[in-house]
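Student: Quick one: sequence plus predicted model below, questions after.
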There are 2 protein chains.
Amino acid sequence: MCRARAVFSRLGELAGCMADGNILIVENDPEFRELMRFNLAQGGFEVVAVADCLSARARIARSVPDLLLLDAAPRDMTGLQFVEALRRDPEVRGLRIVLMGRMNGEERTVAALEAGADDYLVKPVPPRELEARVRAQLRRPPAESGRDRIGLGALSLDTAAMILYVGERPVRLGPQELKLLEFLMRNPGPVFSRSQLISFVWGPGSAVGERTVDVHVRRLRQALGQFDLGWMIETVYRVGYRMTDTPSSRPGRPEIKPPV
Amino acid sequence: MCRARAVFSRLGELAGCMADGNILIVENDPEFRELMRFNLAQGGFEVVAVADCLSARARIARSVPDLLLLDAAPRDMTGLQFVEALRRDPEVRGLRIVLMGRMNGEERTVAALEAGADDYLVKPVPPRELEARVRAQLRRPPAESGRDRIGLGALSLDTAAMILYVGERPVRLGPQELKLLEFLMRNPGPVFSRSQLISFVWGPGSAVGERTVDVHVRRLRQALGQFDLGWMIETVYRVGYRMTDTPSSRPGRPEIKPPV
DNA sequence: GGCCGCAATAACAACTTCGTAACAACTTAG
DNA sequence: CTAAGTTGTTACGAAGTTGTTATTGCGGCC
């Protein structure tokens, strides 16, 4: 499914039903607003433009865009406050936010980034640079607490309530195990080394031993094993672990043949 | 332990056992390099600084940092080429890269971002802004591990997941066998001698016997033979092995089937 | 057809890596 | 303040992988 999307996005917008990404623009000035909307739409994005943060909030509540392009000084609320409010809301915490301001200077930039914005641009932004920066943001996964519920196979993880459901049955897990499971469920497929998992789950630069991952994986498998789902976390010898929703056969070479 | 952690992080880096993240700086100018290294280390990061891309490449091969801070015009290679090279390598494709250049202007920025950089800054960068931008990058998960699949005939190798798909069936293989198969699938057609295969797959200067290749080829054929695909690795008498996606026209070729 | 040499196969041993259990330290709840 | 729960570490046994070697089978050449 993700692959199909990638193919489509490479082809550019196709019949308007598939775009490189959904962008919500918040810009007070009607002229700028229309200019940016047009340029980005031309670049293959699906763009919606509104004039103020309240309209943006309403629209986000209805459907979360892939990226929010926000004027730093819109009419009704200062952009920074809006960013902070969005970052507090677990529902949209993962949203990519690019702030734009008329003021240059270190102070503004630092304030914007520390408020939680992913990038800060000084207006006027050249159209091509704007598009390039938007694409750079969209290359990265939003992740990190996007939706409240992530599903994989029979598993359904409610990140807000910190509860894992297997079918309809709730399963209680420790916070750390939940974080590990959340990461794995958000990134099913690829293999992650122990150091990668430590970096992503425990935080970069964390000083925990690599065997700790083994133990937590065991605890997860133990919890999942109650429902015969322990196979969903696979061990890749000498590399690490991976999450999967389809069991893989292991036609290895442990065959026993009687001697001649 | 956790109390120790809190103390360490409050004190900043101490004995390098706990940091906000690992940063690798590539900067030609020794003065700038030391300045940035000091400022970021002061900010709680674990920083390593080198002068050129080759040193950086060697260090990344040893351990992948959380973020790469790259001078756009280092001595031995242009920064853009280095970024493109890193983005092509599936091993480090997810690495966060921030480019820095002395030149301002839309062209440079667009080129940097399109090459695959996550951000482009114009030097001199105020220390606080640099730290804020680095933190903004590190807030996002790197992920997006290169999920490229190499296809050949009915075979499809997911290098990120380290899984071979035969049709839709996932098949698990050992790391070494996977490396051999990956090399063969990437270079279908030509014949490779055993010493060549050892050099490419095991690494140059590896001291493994030539018969070892035979054994691994057998193990691959055995795994493929489950699906009657053992013929895809052909033996060329007195020369070596070659991969093919079309059955050989040579008569009298026996099918390899695994026991049981 | 017979000989020489190479490749295929099987079995093996050594090594590394992983799973498991017990334990200690810390945090949180009551 | 006590007790329960969670988390990270360590040690040991189990499992898997990998390279080598010995034996068998096949191919090519005279």
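Tutor: That came in fine, so what should we check first?

Student: Can you give me the buried ones in the biggest helix by length in chain A?
Tutor: When chain A is parsed with DSSP state H, its longest helix is helix A:211-225. Applying a neighbour-count criterion of 16 or more other Cβ atoms under 10 Å in any protein chain shown, the buried positions in helix A:211-225 are A:213, A:216-217, A:219-221, A:223-224. Placement of C-beta: from N, CA and C, glycine included.

Student: ok, now stretch A:40-57?
Tutor: A:40-41, A:43-53, A:55-57.

Student: Let's see which of the residues you listed end up in helices.
Tutor: Using DSSP H to define helices, the subset of these located there is A:40-41, A:53, A:55-57.

Student: Tell me, please, where in chain A the pLDDT is lower than the cut-off.
Tutor: Applying pLDDT under 70 to chain A flags residues A:1-18, A:74-77, A:143-147, A:251-260.

Student: now with 80?
Tutor: Along chain A, the model assigns pLDDT under 80 to residues A:1-19, A:73-77, A:90-91, A:93, A:103-104, A:141-149, A:160, A:204-205, A:249-260.

Student: sec struct for the closest residue to DNA strand C within it, please.
Tutor: Across chain A, no residue is closer to DNA strand C than A:Thr235, which sits at 3.5 Å (Cβ to the nearest atom of the strand). When classified by DSSP: H, G, I helix; E, B strand; the rest coil, A:Thr235 comes out as strand.

Student: Neighbours of A:Tyr237, how many?
Tutor: A total of 11 residues lie near A:Tyr237 under the criterion other Cβ atoms under 10 Å in any protein chain shown.

Student: is it true that it touches B:Gln176?
Tutor: No: counting by Cβ atoms under 8 Å, B:Gln176 is not a contact partner of A:Tyr237; they are 9.9 Å apart.

Student: how far away is A:Ile163 from chain B?
Tutor: Taking Cβ to the nearest Cβ, to the nearest Å as the measure, A:Ile163 and chain B are separated by 22 Å.

Student: Give me the nearest residue to that residue, chain neighbours excluded.
Tutor: Leaving aside its sequence neighbours, A:Ile163 sits nearest to A:Pro170 (Cβ to Cβ, 6 or more residues apart in numbering or on different chains; 5.2 Å).

Student: bridging residues for the one you found?
Tutor: The partner list for A:Pro170 in beta bridges (DSSP bridges) reads A:Tyr165.

Student: Number of residues surrounding it?
Tutor: Using other Cβ under 10 Å as the criterion, the residues surrounding A:Pro170 number 13.

Student: what's the answer for A:Arg88, then?
Tutor: Should you count by other Cβ under 10 Å, A:Arg88 turns out to have 10 residues around it.

Student: Look at the nearest residue to the residue of chain A closest to DNA strand C once chain neighbours are set aside and tell me its secondary structure.
Tutor: What sits nearest to A:Thr235 in space, not counting adjacent residues and going by Cβ to Cβ, 6+ apart, is A:Tyr241, at 6.0 Å. State at A:Tyr241, reduced to three classes by three-state DSSP: strand.

Student: What of A:Trp231?
Tutor: Assigned by three-state DSSP, the conformation of A:Trp231 is helix.
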